[in-house]
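[1] Show me the folded form of this:
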Amino acid sequence: MSDLLKEKRDNLVQEMGWTLERAQGYVDGETSQLSGQELTPYQKAAMDEYSKGFRTGYYTQACSISIWNIRENLASRTVN
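    Alright, predicted model coming up:
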């Protein structure tokens, strides 16, 4: 894990009050979504701290990308 990802994980623990496992899951979920990986059945259904964080990171990143794409499309349209 890179130092930047460790720093992000540690910031989530401090700022959000999350467990280390949940924060690690969040960082891994963001990374997985950005690399185009699908959720495993375990990641979809498990209720442990890591999996909860993973889903949060995965879906938050997906929503952020969608919103960014919508804004970009709207900005590129010309008004007649």
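
[2] pLDDT-wise, which helix or strand of the protein ranks last?
    helix 49-76 (a mean of 81; mean pLDDT, DSSP states H and E).

[3] Next, the buried residues of that helix.
    Within helix 49-76, the residues scored as buried using 16 or more other C-beta atoms under 10 Å are Glu49, Tyr50, Ser51, Lys52, Gly53, Phe54, Arg55, Thr56, Gly57, Tyr58, Gln61. (Each C-beta comes from the backbone N, C-alpha and C, glycine too.)

[4] In JSON lines: those, plus distance to Asn11.
    Formatted as JSON lines, the buried residues of helix 49-76 follow (distance: C-beta to C-beta, whole Å):
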{"residue": "Glu49", "distance to Asn11": "17"}
{"residue": "Tyr50", "distance to Asn11": "17"}
{"residue": "Ser51", "distance to Asn11": "21"}
{"residue": "Lys52", "distance to Asn11": "18"}
{"residue": "Gly53", "distance to Asn11": "13"}
{"residue": "Phe54", "distance to Asn11": "17"}
{"residue": "Arg55", "distance to Asn11": "19"}
{"residue": "Thr56", "distance to Asn11": "15"}
{"residue": "Gly57", "distance to Asn11": "13"}
{"residue": "Tyr58", "distance to Asn11": "19"}
{"residue": "Gln61", "distance to Asn11": "16"}
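
[5] So which residue is dead centre in the chain?
    Gly57 (2.3 Å; C-alpha atoms, centre = their mean).

[6] List the residues that contact that one.
    Neighbour list for Gly57: Gly25, Tyr26, Val27, Asp28, Gly29, Glu30, Thr31, Ser32, Gln33 [criterion: C-beta atoms under 8 Å, 6 or more residues apart in numbering].

[7] taking the residues you listed one by one, which sit in helices?
    Gly25, Tyr26, Val27, Asp28, Gly29, Glu30, Thr31, Ser32, Gln33 (DSSP state H).
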